[in-house]
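Chemist: What follows is a predicted structure for the sequence shown.
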Amino acid sequence: MDHTNPNSQSLFLGLDCSTQSLKAVAINSDLTPFPGEWNVHYDTDLPGYHTEGGVHRGPDGLTVTAPPLMWAAALDRLFDRMRKSGFPFELVAAISGSGQQHGSVYWRKGAQRLLRRLNPDLPLRDQLASAFVMDESPIWMDSSTTAQCRALEKALGGPQAVAELTGSRAYERFTGNQIAKISQMWPERYAQTERIALVSSFMASLLIGDYAPIDVSDGSGMNLMDIRQRVWAPAALKATAPALEKKLGSLTLSHRVIGTVHNYFVRRYGFSSNCVAVAFSGDNPNSLAGLLLRESGDVAISLGTSDTLFASLREPKPSASEGHILASPIEPDGYMALICYKNGSLTREDVRNSVAARSWTRFSELLRAAPPGNGGHIGFFIKEPEITPPILRTGIHRFGPDDTPRSAFSPETEARAVVEGQFLSMRLHAERIGICARSILATGGASANSDILRVMADVFGVPVHAGDQPNSAALGAAYRARHGWECHRGSFVPFSEVVAKPVDFATVITPNPAITALYEPMLRRYAALEERLLN
Ligand code: ADP
Ligand code: XUL
């Protein structure tokens, strides 16, 4: 298939290697969706890896990892499924992908040779079994590196200095602090590491059969990159681990073509040998691309395993108190702001399981049964050590309308408290870094639930839009594949010229001003109670 002809019926494939599953979507040249959506769910489709919610948790409650070999096995499983469903791999002109951010993979010396020589007759799982120095990759849910974070801040002159340099103060899940921990705990393993990849560049490496570069947008989540110059920051590298620069390889701009798909995928699945790979990036950056967020005031909220809120940004103002500044994945000199919550879908699921017999329908009934504002009841559901704000001690904190602690709520109050609390927190912390929503695009698994979206609209007091495609990360990767392919054929073209068409956000939920007014005093109470918990 000749993919240099713009009139051909080329397809563009987007992957999303997320916490719980690996997904794929495809689009046509004119950006219309190609029918079908494919998914491999780690817990149920690859039970041999014994994950729960896609991860392994350590006994300390802080360490969270996942096996990189499982992600490789998932890629074969996904493409097998697509082939069986008749997916025309030969039409794919370009592929890109998303990875859960911050997670790191440690390739053993000699792994590059293994990648280059991948044999199409054997699954990746068999060929890469000895390729990793760490069989378990630390992922974004890990919060075991507080000591390394404080050491980085001390070495660079404090949290604000780290934020000014790298876009965020030191965070436990950020890759540099994870690398520091590994180099200190297992110096021999660190010495045997030839290359350190992010989940995004790891998946890209499988596809091109070589070490793939880290893109500047996902690279912003490491506490290692100079956020303005978009190069590794020597002072951060030095404070993190010895001989680190060589192990990281060089960074790439997000729209760059990084290679063609390896013969393994050509022979095994029928990809064209001309099919190019565009730099993979983080799931939140790809969602920004998938939702076409460009104007200030356009905010997206993704309700996936993590809940995240993000927006495009021209003028970065890194803060030591909350949020992250990342390099934009679509504008070579733009930025994005990101706020991340660890207590997202899994925490809502936990409450659903305890009050609604594991049913989202029942959960919605309960949500509707309690009045907006919840009669003044407020809850903090810290099932996982939280990122925003940083509260590492888990537990549920419930307060009555007079701010006194309560040990339990009724089922309706409990269901409403978890959802209202999450959105009050998002509004509070977004406003503190200057993000003032004019409208919200909702995405991620839980954006399918209109009762949850109604609370979002009322708390923020702005319309919430949602579409049929809750997986904006895979879609954004497909758009970026299309954009990178276009730039590769000639010179750089702005993303907005290639991807100009707004996506279909058929569902619009408008806020009720009387209810929004009710949330104003509640937001102030929420802030004061949060302060109390932090102290
Ligand atoms: P990720 O990509 O981060 O792995 P997804 O965006 O696929 O996650 O979201 C998965 C989550 O979506 C599940 O954990 C589940 O709790 C949530 N979810 C799915 N359907 C609903 C629903 N109807 N209401 C609320 N949450 C839902
Ligand atoms: C973002 C973050 C998560 C992961 C997993 O900073 O940690 O959103 O990207 O989805």
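Modeler: Cool, the structure landed. Numbering: from 1, shown residues only. Ligands and ions are numbered 1, 2, ... in the order given.
Chemist: use CA for all of it now, contacts and neighbours both
Modeler: Noted.
Chemist: and the stretch 1-150 of the chain, which of its residues are near ligand 2?
Modeler: 100-101, 140 (C-alpha under 6 Å from any ligand atom).
Chemist: Adjacent strands (with direction) for the helix or strand of the chain with the lowest mean pLDDT?
Modeler: Least confident helix or strand of the chain, by mean pLDDT, DSSP states H and E, is strand 507-509 with a mean of 90. Its sheet considered, strand 507-509 pairs with strand 464-466 (antiparallel) by DSSP bridges.
Chemist: to the chain's geometric centre, what's the distance from the strand it pairs with?
Modeler: Computed by C-alpha atoms, centre = their mean, to the nearest Å, the chain-centroid distance of strand 464-466 equals 19 Å.
Chemist: As TSV, the residues of the stretch 1-150 of the chain next to ligand 2 with secondary structure would be great.
Modeler: Converted to TSV, those look like this (DSSP: H, G, I helix; E, B strand; the rest coil):
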residue	secondary structure
100	coil
101	coil
140	coil
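Chemist: Most neighbours of all those residues, which one?
Modeler: Highest neighbour count within these, by other C-alpha atoms under 10 Å: residue 101, with 29 neighbours.
Chemist: Give me the phi and psi for the residue positioned nearest the centre of the chain.
Modeler: Closest residue to the average C-alpha location of the chain: residue 283 at 3.6 Å, with C-alpha atoms, centre = their mean. Taking degrees, to the nearest 10, you get phi -70, psi -40 for the backbone angles of residue 283.
Chemist: How about the one 5 residues further on?
Modeler: With angles defined as degrees, to the nearest 10, residue 288 sits at phi -60, psi -40.
Chemist: need the strands for the stretch 401-535 of the chain, in chain order.
Modeler: 405-406, 439-443, 464-466, 507-509 (DSSP state E, counting those that start in this stretch).
Chemist: Oh, that last question was meant for the stretch 201-350 of the chain, not what I typed.
Modeler: Using DSSP E, counting those that start in this stretch, strands in the stretch 201-350 of the chain cover 214-215, 225-226, 231-232, 251-252, 257-260, 276-278, 281-282, 298-303, 307-313, 324-327, 335-341.
Chemist: For residue 281, see how far away whichever residue of the stretch 101-250 of the chain sits closest to ligand 1 is.
Modeler: Using C-alpha to the nearest ligand atom, residue 101 is the residue of the stretch 101-250 of the chain that sits closest to ligand 1, at 10.5 Å. Distance of residue 101 to residue 281, computed by C-alpha to C-alpha, to the nearest Å: 8 Å.
Chemist: care to break this protein down by domain?
Modeler: Annotated domains of the chain cover 11-286, 345-465+511-534 [automatic domain parsing].
Chemist: Please give me every residue in contact with residue 72.
Modeler: Residue 72 makes contacts with 124-125, 203, 206, as judged by C-alpha atoms under 8 Å, 6 or more residues apart in numbering.
Chemist: that older thread, pretty sure the residue of the stretch 101-250 of the chain closest to ligand 1 sits against residue 280.
Modeler: No: using C-alpha atoms under 8 Å, residue 101 makes no contact with residue 280, being 11.1 Å away.
Chemist: who touches both of the two?
Modeler: Counting by C-alpha under 8 Å, 6+ apart, the residues touching both residue 101 and residue 280 are residue 200.
Chemist: Farthest pair within the contacts of residue 72?
Modeler: 125 and 203 (13.2 Å; C-alpha to C-alpha).
Chemist: what about those two, which has more around it?
Modeler: residue 203 (26 against 17).
Chemist: Enumerate every residue touching the more buried one.
Modeler: Residue 203 touches 17, 71-72, 97, 99, 280, counting by C-alpha under 8 Å, 6+ apart.
Chemist: Ok, residue 430 next?
Modeler: 309, 339, 436.
Chemist: ok, and the most crowded of these?
Modeler: Neighbour-wise, the contacts of residue 430 (other C-alpha under 10 Å) top out at residue 309, 25 neighbours.
Chemist: In this structure it contacts residue 302, no?
Modeler: Yes: contact criterion C-alpha under 8 Å: residue 309 and residue 302 qualify, at 6.4 Å.
Chemist: With adjacent residues omitted, what lies nearest to residue 118?
Modeler: residue 264 (6.0 Å; C-alpha to C-alpha, 6 or more residues apart in numbering).
Chemist: The one you found - how many residues pack around it?
Modeler: Residue 264: 24 neighbours (other C-alpha under 10 Å).
Chemist: show me what contacts it?
Modeler: Contacts of residue 264 (C-alpha under 8 Å, 6+ apart): 118-120.
Chemist: Could I get the pLDDT score of it?
Modeler: Looking at residue 264, its pLDDT is 98.
Chemist: Could you measure from it over to residue 76?
Modeler: Relative to residue 76, and taking C-alpha to C-alpha, residue 264 is found at 11 Å.
Chemist: can you list the residues of the chain near ligand 1?
Modeler: So the chain meets ligand 1 at 18-21, 304-306, 345-346, 349, 360, 444-446, 448-449 (C-alpha under 6 Å from any ligand atom).
Chemist: Find the pair from those with maximum spatial separation.
Modeler: 18 and 360 (21.8 Å).
Chemist: before we move on, back to that, for ligand 1, state which of the contacts of residue 430 is nearest.
Modeler: Using C-alpha to the nearest ligand atom, the contacts of residue 430 come closest to ligand 1 at residue 309, 13.2 Å.
Chemist: Quick check: residue 148 touching residue 180?
Modeler: Yes: using C-alpha under 8 Å, residue 148 makes contact with residue 180 at a distance of 6.5 Å.
Chemist: quick one on the thing from earlier: so which of the strands of the stretch 201-350 of the chain is nearest residue 114?
Modeler: strand 257-260 (16.9 Å).
Chemist: Could you tell me the per-residue confidence at residue 6?
Modeler: For residue 6, pLDDT reads 49.
Chemist: and what of the one 10 residues further on?
Modeler: According to the prediction, residue 16 has pLDDT 98.
Chemist: in stretch 192-206, what's buried?
Modeler: 193-206 (16 or more other C-alpha atoms under 10 Å).
Chemist: OK, contacts around residue 351?
Modeler: Here residue 351 is in contact with 414-415, 418 (C-alpha under 8 Å, 6+ apart).
Chemist: which one of these sits closest to residue 162?
Modeler: Using C-alpha to C-alpha, the contacts of residue 351 come closest to residue 162 at residue 418, 32.7 Å.
Chemist: Hmm, that closest one is touching residue 377, no?
Modeler: No: using C-alpha under 8 Å, residue 418 makes no contact with residue 377, being 10.4 Å away.
Chemist: Please work out which of the domains of the chain is packed deepest.
Modeler: domain 11-286 (a mean of 21; mean count of other C-alpha atoms under 10 Å).
Chemist: how long is it from one end to the other?
Modeler: End-to-end distance (C-alpha to C-alpha), domain 11-286: 18 Å.
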